[in-house]
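Q: Have a look; sequence and predicted model below, questions after that.
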Amino acid sequence: MKRLIITAFFAIYTSFTMMPVLAEDFPYQENTEPVEITNAIHEEIRWLLAETEVAISTRHGVRISKAPGIVTVLNGEEISHSGYRTFSELLRTVPGYEILKSGNFGGIFPAVRGLDGANRVRVMIDGHFVNNPLDGSAFGNFDDFPLKNIKKIEIIRGPGSALYGENAFLSVINIITKNGADIDGILVDSGFGSYDTLEENIVFGKRYGNIEVSGMMHYRDTNGYDGIVESDSQSVLDKSLSPYGFPAVSQAPGEVEDWRREYSLHLKMAYKDVYLLGWYNNKNRGPFIGPQHALADESDIESNYVFAEVGYKKTFEDIFTVKPRVYYDQFDDDSYVESFPEGATLSFDTNNDGVYDTFKTYPDGFVGDGKVIQRIIGAEMPFDYELFDGNIITVGFEYRRIQQTDVRYSANFDPLTMDPLESMKDFTDTYPFLKETTRNIWSVYIQDTWDITEDISLTLGARHDEYNDFGNATSPRSGLTWKFMENATLKFLYGEAFRAPSFLEMFTVNQPARLGNEDLDPEIIRTMEMGLMYTFNKHVTSSINYFNNNIKNLIMLRALDSASETWQYDNFGDARVQGFEVETKINVSPGNYVFFNYTFQDPEDDHGNELPFVAKHKGNIGINAQPCRYINTNASAFFSGKRYREEDDGRDDMPSYALVNLSVTGKNFFGTMNVQGTIFNVFDKDYKDPGPVSIAEDLPRPGRTYFVGLSYQF
């Protein structure tokens, strides 16, 4: 601990960044003569007036230094400079975040502050909650979310259930899209890259008096990374079955199936105080390796997601604001999955005596097709009331009804006997893979933000959520910010959050490998944080944050008994993660800056063992430079330390690695044309993501890749 404290304070004195200046720091002067402002001066003013307010931590605008949370803001200009094309790629630059690939269905998911965050991170688009109730994650639908229509991204690192409820466990993300005035026309963006990747975007927006319209049309098609898996779980089966005369059928060595095709539509409209949000996307993708970690070539995972939200915002007498909204979401999932390849043979212990005595061969592979729909209707009524100057009370009520319905299941095997069938057969009525169910959630929350003095602010709040299917959860929070020096601010934060069990974890039935558990309790996290932000001058600011997470009731899969091949979800084990994050940014001049962040985290289970697959050390460093008005260059590097294995995994720990990216943008050709080229993993670093024991060499990840894009605004 002594070494950790010394390291932390050393980082403060060796790190630098800048705090932008707010508009109110430039008082308006009347009766001044008009002055012609050159482009350079205009750009300097725009830079100094850069956005510094966030709403994600309180639901209303507050300066970052006073926000009762550890907040990161990624603005549109920084996003554009980075050269990244998708939301998940960009998240790797955020302190405490690491982006990993799943072997079973190929999903991208974050690890946040030492813990898998697939269903422990709440994601919103313009404040609309988009996590899928089926597995609790937003990343299946939104890992490829395009960046062209993003105005900024606000991120809380830490619990957020006191304001937002479910899934706001490790972090909360709000993707804020551009308004009509931000676009003022039509932006056409097209590009191509490695693995025959093609991407097309049309971003549009305009303001007509009291009416504002904006939106996006997006298409992406890629063959995906073609990494080689040398040996898979079918290879292990082939070896064990060879003494019985069964032929080897594994497709390893073989390529992963990481192809995907996606199109999306986004619409945002406003008329005076009324707004409408709409979203639709369709995605088809391969399984990467597959749910049993056996290469196969017939799987197709399709998802459709649509939401619509209508809301109203009105302020009365400058002290009372109402923001009611109603919304509808629908998730359609269709997973056609070949778990084992053609000709696969599986062995069974029919007598439960520990000896495999029955063998069954599946000429067309081991195939299942599951379909399900989740429909959500909801309404929320929040109120903001300014009790007196510097004190805002927020009260809100929310109701969500989630209906899991239209469950369909077919397979080319009998789910009861596991006998192979000559063709696909519908088992919807006899052996559905999920229970149809309805979840009702009633919620109430209250928050008081109080500027006690000009330099001290206090936030207190709590939320109570009542679920009909597993019980209730209460999430308190408190935050104190203290500007104890002219250029320095301290934050002391405490918060609790919960993660409700997903529908897969509770209601999976009739599966040979996994079962749900309707007696699950929610996961609980209690977090203490301390943060220090120091502004050295108008160019340089640095911050350091300490966090301590205590997690209870972790939901995991474990075998029903020592001889069983069926695993069930259960509350099993606790964890503790503590560490610190350092951030630095040096804004030299508009468009020229250096950034750095570093995270140390020490995750342990309740027995003191290191949590697997988590690096203790990770971070980012980068520089953005504009040598002239037509050129922007951005170079950045992500580094990750050694990652540990599970306790019973005899493989060596995973080595550290670093990835370097380089992006060059040619700007303002022919007025509004931009050309951007990006090389990812410039030095072609060979690295892996954690894989199961059956994939001995772990999950292959891409080497050097490129993307070239061209955009033009009308």
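A: Here it is on my side, so go on.

Q: can we go C-alpha only for contacts and neighbour counts from here?
A: Fine.

Q: Okay, now the unreliable bits of the stretch 1-150 of the chain?
A: 1-51 (pLDDT under 70).

Q: Sketch out the strands for it, chain order is fine.
A: Counting by DSSP state E, counting those that start in this stretch, the stretch 1-150 of the chain has strands at residues 53-54, 62-63, 70-75, 97-101, 108-112, 115-116, 121-125, 128-129, 150-157.

Q: looking at those strands, which is buried most?
A: Using mean count of other CA atoms under 10 Å, the stretch among those with the largest mean neighbour count is strand 121-125, at a mean of 24.

Q: just the angle between that strand and strand 108-112, please?
A: 120 degrees (axes from the mean of the first three to the mean of the last three CA atoms, to 10 degrees).

Q: What ranges does the chain have for its helices?
A: 2-13, 39-48, 76-82, 87-91, 139-142, 161-164, 180-183, 233-241, 503-507 (DSSP state H).

Q: what's the last one packed up against?
A: Other helices and strands packing on helix 503-507, by 3 or more CA pairs under 8 Å, 6 or more residues apart in numbering; DSSP states H and E, are absent; none qualifies.

Q: Repeat the analysis, applying 10 Å as the threshold.
A: Counting contacts by 3 or more CA pairs under 10 Å, 6 or more residues apart in numbering; DSSP states H and E, helix 503-507 is packed against strand 437-451, strand 514-515, strand 555-559, strand 567-571.

Q: So what's the gap between the longest one and the chain middle?
A: Averaging C-alpha coordinates over strand 437-451 and over its chain gives two centres that are 22 Å apart (CA atoms, centre = their mean, to the nearest Å).

Q: how about the strands of the stretch 201-350 of the chain, start to end?
A: 211-222, 228-229, 254-255, 260-271, 274-285, 300-312, 314-316, 320-322, 325-340, 344-348.

Q: Over to the stretch 601-714 of the chain?
A: Under DSSP E, counting those that start in this stretch, the stretch 601-714 of the chain gives strands at 617-628, 631-640, 657-669, 673-680, 688-689, 699-700, 705-713.

Q: Any idea which of these gets closest to D300?
A: strand 699-700 (19.9 Å; CA to CA).

Q: strands paired with the closest one, and their directions?
A: Strand pairing for strand 699-700, using DSSP bridges, gives strand 688-689 (antiparallel).

Q: quick one: average confidence on the partner strand?
A: Averaged across strand 688-689, pLDDT comes to 92.

Q: ok, now stretch 531-540?
A: 91.

Q: Give me the buried positions along it.
A: Residues 531-536, 539-540 are the ones in stretch 531-540 that count as buried (16 or more other CA atoms under 10 Å).

Q: Report the contact partners of the residue nearest to T361 when sequence neighbours are not counted.
A: Take T361 and drop its neighbours on the chain: the residue closest to it by CA to CA, 6 or more residues apart in numbering is T345, 4.1 Å away. The contact partners of T345, taken as CA atoms under 10 Å, 6 or more residues apart in numbering, are 234, 237-238, 241, 246-249, 359-363, 365-366.

Q: now, which of the residues you listed sits nearest P512?
A: Ranked by distance to P512 (CA to CA), the contacts of T345 are led by F366 at 12.2 Å.

Q: What about that closest one, how many residues nearby?
A: 24 (other CA atoms under 10 Å).

Q: If it is in a bridge, with which residues?
A: Under DSSP bridges, the beta-bridge partners of F366 are F340.

Q: So for it, what's the pLDDT?
A: 94.

Q: List the residues that contact it.
A: So F366 contacts 296, 337-346, 411-413, 418, 420-421 (CA under 10 Å, 6+ apart).

Q: Against E422, how distant is it?
A: Per CA to CA, to the nearest Å, F366 is found 12 Å from E422.

Q: same check, this time on T599
A: To E422, T599 is 54 Å away according to CA to CA.

Q: right, and L560 touches N517 too?
A: No: counting by CA atoms under 10 Å, N517 is not a contact partner of L560; they are 11.5 Å apart.

Q: And the pLDDT at S564?
A: On the pLDDT scale, S564 gets 58.

Q: One more: the one 3 residues further on?
A: According to the predicted model, the pLDDT of W567 comes to 85.

Q: how many neighbours does it have?
A: 18.

Q: quick one: contacts for it?
A: Here W567 is in contact with 511-516, 556-561 (CA under 10 Å, 6+ apart).

Q: OK, contacts around D419?
A: D419 touches 359-362, 412-413, counting by CA under 10 Å, 6+ apart.

Q: Of those residues, grab the buried ones for ChimeraX.
A: Those of the contacts of D419 that count as buried under 16+ other CA under 10 Å are selected in ChimeraX with:
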select :361,362,412,413
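
Q: I'd like to know which of the contacts of D419 is nearest to E78.
A: Checking the contacts of D419 against E78 with CA to CA, the nearest one is N412 at 50.1 Å.

Q: From D429, how far off is that closest one?
A: Distance of N412 to D429, given as CA to CA: 16 Å.

Q: just G76 next, same as before
A: For G76, the distance to D429 equals 50 Å [CA to CA].

Q: V306 too?
A: Distance, V306 to D429, by CA to CA: 27 Å.

Q: Which residues are in contact with each of F366 and E422?
A: Residues touching both F366 and E422 by CA under 10 Å, 6+ apart: 412-413.

Q: Nice, that's everything, thank you.
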